[in-house]
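1. Need a 3D model of the sequence below.
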Amino acid sequence: MPLAFTGYDWAVLGFYVALLALAAWWSSRRNPSEADDYFLAGHHAPAWLVAVSALSTMQSAATFLGAPDNSFRGDYSYLTSNFAAIIGAVLVARFLIPRYYAMGATTVYELLESRFDATARRAAAGMYLVGRVLASGARLYLAAIAVSMIIFLDVTPEHIMIASAVLVVFGIVFTLFGGLNAVIWSDLVQVVLYVGGALLVFAFLLNKIPAAPAEIWDGLRHAPGGIDKMRLFDWSFDLTKPFTVWAILTGLVLLNVGNAGLDQDTSQRFLACEDARHGKRALYLSMWMTIPVVALFMGIGSLLHIFYDRPELMGASASAMQGFSGEKITVFMSFILSEIPPGLRGLITVGVIAAAAINSGLISMAAVLVNDFYRPWRERHGTRPPEHHYVNAGRGAMIGLALALFAMSILCYYWQHYSDTPLLEFVLGVMTFAYSGLLGVYAVALFTKRGSTLSVIGALAVGFFAILLQQHYVVDSLGLPAAMKTLAFPWQLCIGASLAFLVCLAGKATAQR
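-> From the prediction side, this is the model:
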């Protein structure tokens, strides 16, 4: 069973907090006075650092807890979804990043103002904010699972609430003053810590398993029930599975286009580079860096399967242990807290906390609130204030947004348990709420001359409700056909984006602005 933290573990955690504070102070020692400096790091962020920051943003606790959970339950078909990320990166680099830089965009939703009008821009920005609260709240919930296990050794609604509050305070403190520049440098520290922690767990697990690597490989290839847990490509046409080849080449490509090109949380990093060429380089680099990181965490899940479920490979060690009996979503944290020795346990837990950071979501949502809503409103209804006014406005917005993420993380506890969805699928599925409408709207804006402000608003609403109507609780509550809740999230996204595209396309042709 999980063990309580020792003084050594808490000392390591304290050192991590001090290190993160030092990184945030160092990156923000020149207090940003202009909005461009605060929200886009003055366009001086190097491509390699932006790539690392984007990696941190895209992976986070979803990978730290979700990827081991995924391979513990199943196979490696999720790893193959990185092909979708690379295809999505090519599309974003070709059609979106050059447009954003040519416009001098601070947020990606400015493109819709140039194509339609300011109302269309605000509608898209509003949809992003709703979707980002949902998605970042889901990530916060995953991180709170880890923190709840550390502090309370269990996962209950009350303890998830306390753990979420702790993480929210961390997110505010380390984002409030330095802006995006502080976030990017803190992301570097966090990536080093959580990848380092994963490497330590992998090595420790491998040492705990007495079987030779060749035996482990063969055991995974021939798991009980004739299952190949090392399978990379799932060629089935099962629409209930999220990581088949067909789902990867359709819905997951769309998901990655939305993530890298239409989600301010990620695209904000690529806009922080010196120019479009460096932004593209950072995008490609981040996608290629993702593959070994995801493979590492999935490898941990495979070894956990051997450790807990394969006594024939554990040999004499199997008599001293039992199969994992807790919730599957806690298998990784349970191993860390029950098998890793003190001190090292604290170091690895630091990696979990590092992966849990919510600062990227806060800075991106604040950028959208200020630049897409507050600044235009203020400049229409009064004198033009100094740039530092908008920096302070962004800081104030972060506090309100952090409270919204906190509430969402509590809701996600009940949402995820009601649907009984694996962590990785749950988090990725939540992202489709905003992307569904945005993908349809941007496809019309970029590749046709049709669409209007009214059709943009209608498309965003249709895309959102198309996803909402396929959620387990909604289907059950409204008495809808049970088949509506069986589609995997990539196919839900395909349906939502297609409907949004058709609705937006129905708008009359507009002149290019």
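2. Give me the below-cutoff pLDDT ranges for the stretch 101-250 of the chain.
-> Per-residue confidence for the stretch 101-250 of the chain (pLDDT under 70) gives these ranges: 173-186.
3. Show me the helices in it, by range?
-> Secondary structure of the stretch 101-250 of the chain, counting by DSSP state H, counting those that start in this stretch: helices at 110-115, 118-152, 157-173, 179-208, 213-221, 245-247.
4. The fourth one relative to helix 213-221, how many degrees between them?
-> Computed by axes from the mean of the first three to the mean of the last three Cα atoms, to 10 degrees, the angle separating helix 179-208 from helix 213-221 equals 110 degrees.
5. other SSEs contacting helix 179-208?
-> Judged by 3 or more Cβ pairs under 8 Å, 6 or more residues apart in numbering; DSSP states H and E, the packing partners of helix 179-208 are helix 7-27, helix 35-40, helix 47-73, helix 264-270, helix 276-309, helix 331-339, helix 344-355, helix 359-368. In short, each C-beta sits where N, CA and C put it, glycine included.
6. Mind telling me which of those helices the model trusts least?
-> For the helices and strands packed on helix 179-208, mean pLDDT drops lowest on helix 35-40, to a mean of 50.
7. sorry, back to before: closest one to Ala125 among the helices and strands packed on helix 179-208?
-> Set against Ala125 and scored by Cβ to Cβ, the helices and strands packed on helix 179-208 come closest in helix 359-368, at 4.9 Å.
8. Off-centre distance for that closest one?
-> Put simply, helix 359-368 sits 13 Å off its chain's centre (Cα atoms, centre = their mean, to the nearest Å).
9. before we move on, what about stretch 80-100?
-> Counting by Cα atoms, centre = their mean, stretch 80-100 is centred 17 Å from the centre of its parent chain.
10. cool, and stretch 415-428?
-> Here stretch 415-428 is found 14 Å from its chain centre; the criterion is Cα atoms, centre = their mean.
11. What residues sit buried inside that stretch?
-> Trp415, Gln416, Thr421, Pro422, Leu423, Leu424, Glu425, Phe426, Val427, Leu428 (16 or more other Cβ atoms under 10 Å).
12. Now name the helix or strand holding the first one.
-> When elements are assigned from DSSP states H and E, Trp415 belongs to helix 387-419.
13. Closest one to Leu403 out of the buried residues of stretch 415-428, please.
-> Using Cβ to Cβ, Trp415 comes nearest to Leu403 of these, at 18.5 Å.
14. Do I have it right that Tyr78 meets Phe297?
-> No. With contact defined as Cβ atoms under 8 Å, Tyr78 does not reach Phe297; the gap is 10.1 Å.
15. overlap in contacts of these two?
-> Residues within reach of Tyr78 and of Phe297 at once, by Cβ atoms under 8 Å, 6 or more residues apart in numbering, are Ala67, Ser71.
16. picking that back up, next, give me the two most distant ones among the buried residues of stretch 415-428.
-> Farthest-apart pair in these is Trp415 and Leu424; separation 14.9 Å (Cβ to Cβ).
17. hang on, the earlier thing: for whichever helix or strand comes after the helix holding Trp415, packing partners?
-> Remark: after helix 387-419, the chain's next helix or strand is helix 423-447, criterion DSSP H and E. For helix 423-447, the packing partners by 3+ Cβ pairs under 8 Å, 6+ apart come out as helix 47-73, helix 110-115, helix 118-152, helix 253-257, helix 387-419, helix 453-468, helix 489-505.
18. quick one: what helix or strand has Arg450 in it?
-> Using DSSP H and E, Arg450 falls outside every helix and strand.
19. now, among the buried residues of stretch 415-428, which is nearest to Lys208?
-> Of all those, the one sitting nearest Lys208 is Leu423; the distance, using Cβ to Cβ, is 23.5 Å.
20. and the closest one, what does it touch?
-> Taking Cβ under 8 Å, 6+ apart as the test, what Leu423 contacts is Ala62, Leu65, Gly66, Asp69, Asn70, Leu142, Ile329, Gln416.
21. Can you give me the distance of the residue nearest the centre of the chain to Asp263?
-> Centroid-nearest residue in the chain: Met58, 4.5 Å away (criterion: Cα atoms, centre = their mean). According to Cβ to Cβ, to the nearest Å, Met58 stands 10 Å off from Asp263.
22. What count of nearby residues applies to Ala509?
-> Using other Cβ atoms under 10 Å, Ala509 is surrounded by 10 other residues.
23. er, Arg384 I mean
-> Applying other Cβ under 10 Å, we find 9 residues neighbouring Arg384.
24. for Gln470, same thing?
-> Around Gln470 sit 22 other residues, with neighbours defined as other Cβ under 10 Å.
25. Surely it is within a strand?
-> No. Per DSSP: H, G, I helix; E, B strand; the rest coil, Gln470 lies outside any strand segment and is coil.
26. Need phi/psi at it.
-> Per-residue torsions, Gln470: phi -100, psi 10 (degrees, to the nearest 10).
27. Do I have it right that it meets Ala483?
-> No. Gln470 is beyond contact range of Ala483, at 9.8 Å (criterion: Cβ under 8 Å).
28. related to what we said a few turns ago, can you tell me which of the helices and strands packed on helix 423-447 is nearest to Lys229?
-> Among the helices and strands packed on helix 423-447, helix 47-73 comes nearest to Lys229, with 7.2 Å by Cβ to Cβ.
29. any idea of the angle that closest one forms with helix 359-368?
-> Here helix 47-73 runs at 120 degrees with respect to helix 359-368, directions being taken by the same axes, to 10 degrees.
30. Off-centre distance for helix 47-73?
-> Remark: helix 47-73 is offset 7 Å from the chain centroid, using Cα atoms, centre = their mean.
31. Tell me the helix or strand right after it.
-> Downstream of helix 47-73, the first helix or strand assigned by DSSP H and E is helix 77-80.
32. can you list the residues that contact that following helix?
-> Helix 77-80 has contacts (Cβ under 8 Å, 6+ apart) with 67, 70-71, 231-234, 241, 243-245, 248, 291, 294-295, 298, 424.
33. Stretch 483-496 now?
-> For stretch 483-496, the external contacting residues (Cβ under 8 Å, 6+ apart) are 239-242, 247-248, 250-252, 254-255, 425, 428-429, 432, 435-437, 439-440, 462-464, 466-467, 469-472, 475-476.
34. hmm, try it at 7 Å
-> Here stretch 483-496 makes contact (Cβ atoms under 7 Å, 6 or more residues apart in numbering) with 239-242, 247, 250-252, 254-255, 425, 428-429, 432, 435-436, 463, 466-467, 469-472, 475.
35. what's the answer for stretch 285-294, then?
-> When contacts are defined by Cβ under 7 Å, 6+ apart, stretch 285-294 is touched by residues 47-48, 51, 54-55, 58-59, 63, 67, 79, 82, 85-86, 89, 195.
36. Mind checking which of the residues you listed are buried?
-> Buried members of these, scored by 16+ other Cβ under 10 Å, are 47, 51, 54-55, 58-59, 63, 67, 79, 82, 85, 89, 195.
37. Switch these over to JSON lines; also include distance to Ile306.
-> Shown next, in JSON lines, are those (distance: Cβ to Cβ, whole Å):
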{"residue": "Ala47", "distance to Ile306": "39"}
{"residue": "Ala51", "distance to Ile306": "33"}
{"residue": "Ala54", "distance to Ile306": "33"}
{"residue": "Leu55", "distance to Ile306": "28"}
{"residue": "Met58", "distance to Ile306": "28"}
{"residue": "Gln59", "distance to Ile306": "24"}
{"residue": "Thr63", "distance to Ile306": "21"}
{"residue": "Ala67", "distance to Ile306": "16"}
{"residue": "Leu79", "distance to Ile306": "18"}
{"residue": "Asn82", "distance to Ile306": "24"}
{"residue": "Ala85", "distance to Ile306": "28"}
{"residue": "Ala89", "distance to Ile306": "34"}
{"residue": "Val195", "distance to Ile306": "22"}
